[in-house]
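Student: Predicted structure and sequence below. I'll ask about it afterward.
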Amino acid sequence: MSYVAPVKDMLFVMRELAGLAEVQALPGFEEASDETVAAVLEENARFMSEVVAPLNWTGDIKPATWKDGEVTTTPGFREAFRRFVEAGWQGVQHPTQYGGQGLPKLVATACTEMLQAANLSFALCPLLTDGAIEALLTAGSDEMRSRYVPGLVDGTWTGTMNLTEPQAGSDLAAVRTRAVPQGDGTYRLFGEKIYITYGEHDLAENIVHLVLARTPDAPEGVKGLSLFVVPKRLVNADGSLGRRNDVYCASIEHKLGIKASPTAVLLFGDGKGEVGAGAIGHLVGEENRGLEYMFIMMNAARFQVGMQGVAIAERAYQKAAAYAKERVQSRAVEGSSGPVPIIQHPDVRRMLMFMRSHAEASRAVAYVAAAWCDIAHHHPDPERRRQAKAAYEYMVPIVKGWSTEMAIEVASTAVQVHGGMGFIEETGVAQFYRDARILTIYEGTTAIQANDLVGRKTARDGGAVAQMLLAQMRQTAGELAGSGNADLQAIGRRLAAACDAYAQVVDYVVTRIKSDIRAVFAGSVPYLKLAGIVHGGWQLARAAQVSARRVAAGGEDRQFHAAKIATARYFADHALTSAGGLRDSILDGAAGVLAMSAEQF
Ligand SMILES: Cc1cc2nc3c(=O)[nH]c(=O)nc-3n(C[C@H](O)[C@H](O)[C@H](O)COP(=O)(O)OP(=O)(O)OC[C@H]3O[C@@H](n4cnc5c(N)ncnc54)[C@H](O)[C@@H]3O)c2cc1C
């Protein structure tokens, strides 16, 4: 079975939870009518299922290959990429003045989910290009934008993000790549970047590398990093392509998963181009503000990696649910005339509900955050913009960190549902598991997301954003408690208790960060998980509220809405209940984490 995009579910989340109507009413989104949004999703779903998804397995068995500095992608990728960009899918959320469709991030997020679910390896190229576009639009000069952005939006070129070096992974303060000013406004770059996704490939005629490097007198650490545009081929003033720049792909990695995505070692300034020694680059914005700009790109990319988590969870769930209906094994516990499809066994149901509820919860959390991002950029009221921006930024590490950790568990559970067949490559489910494993590592490991959540997003504002969101959650919990529906009341009780746990942890982070910083950071990943679970439970609770109203009104789609209530109920009883345990380990567990000396390990 291939991928079937859950368009109905996506539209439900967009309309009922993320506030699509409010987003559509924002200045600049006049074109995003209901009909347009539905048509974009339907068309995207068709394209991803028919063109991109069938190449997923091919990519796993025929990965990208390297020869003499050139990379050949998986057979079929070039044609699919050409059709992808010709259909305008690279430009969904980018401004119309640069050739994009100018649709809200909320709509683009649904499209991203479908692209990622169809084929993670293929999708990484557009993902990085989106980030490069966003960074150039925010920090690049007018000249730089008009030179590079149209080609990135229409897909004749692609973008990359060059941060990592052998000695500089999570710790970008250690970046050593040098950028030497030439006195004519250009710089020459020298250094080695590793793990650069789509750093070299044959899908497009040029690659626009965004590179973090240091100028000669730059201060130490992250404050001395600057951002440069370094195209693989130089771009002439008239937009035509010039000489080959001094960026050379020395090799690509052999990996556990996402095998079709070329992960390149790039040498800058190795003398292999047509421009003499040193890769020619142009400074983006001002010197020494590179990390700040790169954060624009990283936040966009982090959010999208979170969507990769949602996507792979959905796809793994679909495959497991289909298999569970087909595979016949064992009699039912209550007795049956013969063996039954495994979906009849309570434990298989438990696994499927775990997968389904986490895919739905993480989708809802991300879409709601995407709508906040749209409001942050487009709302006429500055106060609404400020609040939405703060809420969106708070959610980015949660979308990235929680959705991806969850995705690995979901993909692992999909293997389990398949039994031995899950461990055999031919079913394809093992590929989901292997592919998902990178998601908690790149774009900042889960620990790095959690550090961000603790430091920048919680402690810095004294927990204000978290408290604002908690107030909204408590309101939902109160409404549920006051409803006459037993399922909603039960969900409301669980949500209220989880809110208490969440509030205690936020308070702990804010009050203890100065006096006992190691203890607070010992609980940072559990805090991120707790936040993800409570936000997920909140959104599913809101979905259940909507669905209960629809069921009570006797409308159509009873099955759909009954399933929403059941899914929220499962999540409340099985996931929200873990908030209290996480709270206890955060508040009391630091000693256990930190007691032993490094030598004792
Ligand atoms: C397939 C793939 C594609 C990639 N694509 C790109 C790309 O396109 N561009 C790019 O620039 N990079 C890319 N990367 C690099 C990726 O972002 C890094 O691998 C990642 O940031 C982690 O760095 P590291 O591998 O050096 O691990 P390390 O930083 O050595 O981390 C090792 C462990 O230590 C932990 N750790 C480190 N510092 C801290 C801390 N301060 N607090 C708590 N724990 C900590 C980490 O969480 C991790 O568990 C890619 C990597 C891979 C594998």
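Tutor: In hand now; what should we look at? Numbers count the residues shown, from 1 in each chain.
Student: Enumerate the residues of this protein near the ligand.
Tutor: 161-164, 169-170, 195-197, 255, 263, 438, 441-445, 447-448, 451 (CB under 6 Å from any ligand atom). Heads up, the C-betas are built off the backbone N, CA and C, glycines and all.
Student: So which of the residues you listed are in strands?
Tutor: Using DSSP state E, the members of the residues of the chain next to the ligand that fall in strands are 161-162, 195-197, 263.
Student: How about this structure: which residue is closest to the ligand?
Tutor: Checking the chain residue by residue against the ligand with CB to the nearest ligand atom singles out Gly169 as nearest, at 1.6 Å.
Student: Quick check, pLDDT for Met1.
Tutor: Met1 is assigned a predicted lDDT (pLDDT) of 55.
Student: Please, where are all the helices along the stretch 301-450 of the chain?
Tutor: Assigned by DSSP state H, counting those that start in this stretch, the stretch 301-450 of the chain shows helices spanning 346-378, 382-417, 420-423, 429-436, 446-454.
Student: Save the ones you listed as JSON lines, and put in mean pLDDT and mean neighbour count too.
Tutor: Output for the helices of the stretch 301-450 of the chain, formatted as JSON lines (pLDDT from 0 to 100; neighbours: other CB atoms under 10 Å):
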{"stretch": "helix 346-378", "mean pLDDT": "98", "mean neighbour count": "23"}
{"stretch": "helix 382-417", "mean pLDDT": "98", "mean neighbour count": "23"}
{"stretch": "helix 420-423", "mean pLDDT": "97", "mean neighbour count": "14"}
{"stretch": "helix 429-436", "mean pLDDT": "98", "mean neighbour count": "24"}
{"stretch": "helix 446-454", "mean pLDDT": "98", "mean neighbour count": "22"}
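Student: of those helices, which approaches Pro75 most closely?
Tutor: The minimum distance between Pro75 and the helices of the stretch 301-450 of the chain falls on helix 429-436, with 16.9 Å, by CB to CB.
Student: Now do that closest one: which elements does it pack against?
Tutor: Counting contacts by 3 or more CB pairs under 8 Å, 6 or more residues apart in numbering; DSSP states H and E, helix 429-436 packs against helix 55-61, helix 290-326, helix 382-417, helix 420-423.
Student: quick one, which of those is nearest to Gln467?
Tutor: helix 382-417 (10.8 Å).
Student: Where do the strands of the stretch 101-250 of the chain begin and end?
Tutor: Assigned by DSSP state E, counting those that start in this stretch, the strands in the stretch 101-250 of the chain fall at 157-162, 178-181, 187-197, 206-213, 226-231, 233-235, 241-244, 247-252.
Student: Any chance of those in JSON lines with distance to Phe84 and mean neighbour count as columns?
Tutor: JSON lines is the format used below for the strands of the stretch 101-250 of the chain (distance: least, CB to CB, whole Å; neighbours: other CB atoms under 10 Å):
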{"stretch": "strand 157-162", "distance to Phe84": "11", "mean neighbour count": "26"}
{"stretch": "strand 178-181", "distance to Phe84": "33", "mean neighbour count": "20"}
{"stretch": "strand 187-197", "distance to Phe84": "17", "mean neighbour count": "22"}
{"stretch": "strand 206-213", "distance to Phe84": "16", "mean neighbour count": "26"}
{"stretch": "strand 226-231", "distance to Phe84": "21", "mean neighbour count": "25"}
{"stretch": "strand 233-235", "distance to Phe84": "21", "mean neighbour count": "19"}
{"stretch": "strand 241-244", "distance to Phe84": "21", "mean neighbour count": "14"}
{"stretch": "strand 247-252", "distance to Phe84": "22", "mean neighbour count": "21"}
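Student: on that earlier part again, could you redo the helices and strands packed on helix 429-436 as a markdown table and give each row distance to Val149?
Tutor: Output for those, formatted as a markdown table (distance: least, CB to CB, whole Å):
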| stretch | distance to Val149 |
| --- | --- |
| helix 55-61 | 28 |
| helix 290-326 | 13 |
| helix 382-417 | 23 |
| helix 420-423 | 44 |
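Student: Chain neighbours aside, what residue packs nearest to Glu409?
Tutor: Using CB to CB, 6 or more residues apart in numbering and skipping residues adjacent in sequence, the residue nearest Glu409 is His358, 7.5 Å away.
Student: ok, that neighbour touching Met406?
Tutor: Yes - using CB atoms under 8 Å, His358 is in contact with Met406, at 4.9 Å.
Student: Now do the shared contacts for the two.
Tutor: Ala313 (CB atoms under 8 Å, 6 or more residues apart in numbering).
Student: can you pull the buried residues of stretch 213-226?
Tutor: For stretch 213-226, the neighbour count (16 or more other CB atoms under 10 Å) marks 213-215, 218, 222, 224-226 as buried.
Student: which of those sit farthest apart?
Tutor: Going by CB to CB, the pair spanning the buried residues of stretch 213-226 furthest: Thr215 and Val222, at 13.9 Å.
Student: Now list whatever residues contact both of the two.
Tutor: Residues touching both Thr215 and Val222 by CB under 8 Å, 6+ apart: none at all.
Student: Near Leu594, how many other residues are there?
Tutor: 12 (other CB atoms under 10 Å).
Student: Would you mind confirming that it makes contact with Val520?
Tutor: No - Leu594 is beyond contact range of Val520, at 11.3 Å (criterion: CB under 8 Å).
Student: Residues in contact with both of those two, list them for me.
Tutor: Joint contacts of Leu594 and Val520 (CB under 8 Å, 6+ apart) do not exist.
Student: Same list (the helices of the stretch 301-450 of the chain) but as TSV, adding distance to Arg331.
Tutor: Below are the helices of the stretch 301-450 of the chain laid out as TSV (distance: least, CB to CB, whole Å):
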stretch	distance to Arg331
helix 346-378	13
helix 382-417	19
helix 420-423	20
helix 429-436	25
helix 446-454	42
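Student: which one of those lies closest to Lys514?
Tutor: Closest among the helices of the stretch 301-450 of the chain, using CB to CB: helix 446-454, at 12.5 Å.
Student: Could you identify the helix or strand that succeeds that closest one?
Tutor: helix 464-481 (DSSP states H and E).
Student: same for that following helix, what does it pack against?
Tutor: Under the contact criterion of 3+ CB pairs under 8 Å, 6+ apart, helix 464-481 touches helix 382-417, helix 486-512, helix 524-552.
Student: Check Ala237 and give its pLDDT.
Tutor: pLDDT for Ala237: 85.
Student: what's the answer for the one 5 residues further on, then?
Tutor: As summarised for this prediction, Gly242 has a pLDDT of 96.
Student: residue contacts, it?
Tutor: The contact partners of Gly242, taken as CB under 8 Å, 6+ apart, are 233-236.
Student: try Ala300
Tutor: 130-131, 134-135.
Student: picking that back up, tabulate the ones in strands among the residues of the chain next to the ligand (CSV), appending pLDDT.
Tutor: Shown next, in CSV, are these (pLDDT from 0 to 100):
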residue, pLDDT
Met161, 95
Asn162, 97
Tyr195, 98
Ile196, 98
Thr197, 98
Thr263, 98
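Student: and the helices and strands packed on helix 464-481 as JSON lines, adding distance to His345?
Tutor: Compiled in JSON lines, these are given as follows (distance: least, CB to CB, whole Å):
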{"stretch": "helix 382-417", "distance to His345": "10"}
{"stretch": "helix 486-512", "distance to His345": "24"}
{"stretch": "helix 524-552", "distance to His345": "24"}
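Student: Quick check: mean pLDDT of stretch 202-212?
Tutor: On average, stretch 202-212 scores 98.
Student: before we move on, what about stretch 105-113?
Tutor: For stretch 105-113, mean pLDDT rounds to 98.
Student: What about the closest residue to Pro346 other than its chain neighbours, how many residues nearby?
Tutor: Counting by CB to CB, 6+ apart, Pro346 lies nearest to Val333, which is 6.8 Å off, once chain neighbours are set aside. Val333: 11 surrounding residues under other CB under 10 Å.
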